[in-house]
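# From the sequence below, what's the structure:
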Amino acid sequence: MPRTAGDAEPPPESFTEEYFDRRYARAPDPWGLASRWYERRKYAVTLASLPRERYRDCFEPGCSIGELTRLLAPRCDRLLAVDFADDAVRQARAAVRGLDHVEVRRAELPAQLPGGPFDLIVVSEILYYLSRDDLGLTLDGLAGALAPGGDLVAVHCRAPDLRHGYDGYNVHLAIEAREELERLVHHADEEFVLDVFRRTERA
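Predicted structure coming up:
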């Protein structure tokens with residue numbers, strides 16, 4: 001659906017750890033990351049959109065059960081994936097078992113963002129859970145952790161109507177507004193929006 005700047009507001013408070021713990025308690029894969037065609041197609045588009053064949057140091061915040069982590073691993077020399085739901089961390093570690101260059105740990109956003117530098121950061125389906133202040137702090141941290149010339153990949157769902165509020169359109173506008181990032185790739189369809197931004201060498 002058509003969206004315009006300011007047509008929705010971020011949540012007044014960031015979604016809590018308890019919210020995600022309840023979701024994982026009800027189902028081990030609450031968003032169908034391992035089964036839905038939406039997710040498989042989104043992963044394929046994400047991987048195909050990476051401008052470089054291989055990256056040195058990669059970071060995936062909000063990795064959930066590790067489906068995308070497992071697919072990113074062959075493209076990275078080192079990969080750090082984090083989530084703040086214990087069940088998600090446990091499943092993600094199982095998904096990448098045997099991949100010694102991949103580390104999965106528990107961390108909260110934005111308080112426990114790593115410092116980097118990373119030449120690839122992939123943020124998928126998490127930014128619309130953050131309040132305005134936490135979104136700003138998270139984007140500050142992600143941009144600061146991105147090496148000059150590094151790539152930031154953002155991919156988020158499109159809301160089917162305004163009742164669903166903040167979505168990929170809104171959060172990607174916030175990324176696009178950052179002066180240290182320039183967009184290289186843009187994909188938008190009825191289900192999700194994907195952008196690849198590069199941190200300018202002068203930043």
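# pretty sure residue 59 is touching residue 119, no?
No: using Cβ atoms under 8 Å, residue 59 is not in contact with residue 119, being 9.5 Å away. Glycine gets a C-beta too; all of them are placed from N, C-alpha and C.
# In this structure, where is pLDDT below threshold?
Applying pLDDT under 70 to the chain picks out residues 1, 161-164, 202-203.
# Show me the residue sitting in the middle of it in space.
residue 123 (1.5 Å; Cα atoms, centre = their mean).
# Could you verify that it is part of a strand?
Yes: the assignment for residue 123 is a strand, going by DSSP: H, G, I helix; E, B strand; the rest coil.
# Kindly indicate whether the residue nearest to residue 76 when sequence neighbours are not counted is helix, strand or coil.
Excluding the flanking residues, the one nearest residue 76 by Cβ to Cβ, 6 or more residues apart in numbering is residue 58, at 4.0 Å. Here residue 58 is strand, with the state taken from three-state DSSP.
# Show me what residue 58 is bridged to.
residue 79, residue 120 (DSSP bridges).
# could you pull out the strands for the chain?
Remark: strands assigned in the chain by DSSP state E are 55-61, 76-83, 102-106, 118-124, 146-157, 181-188, 192-199.
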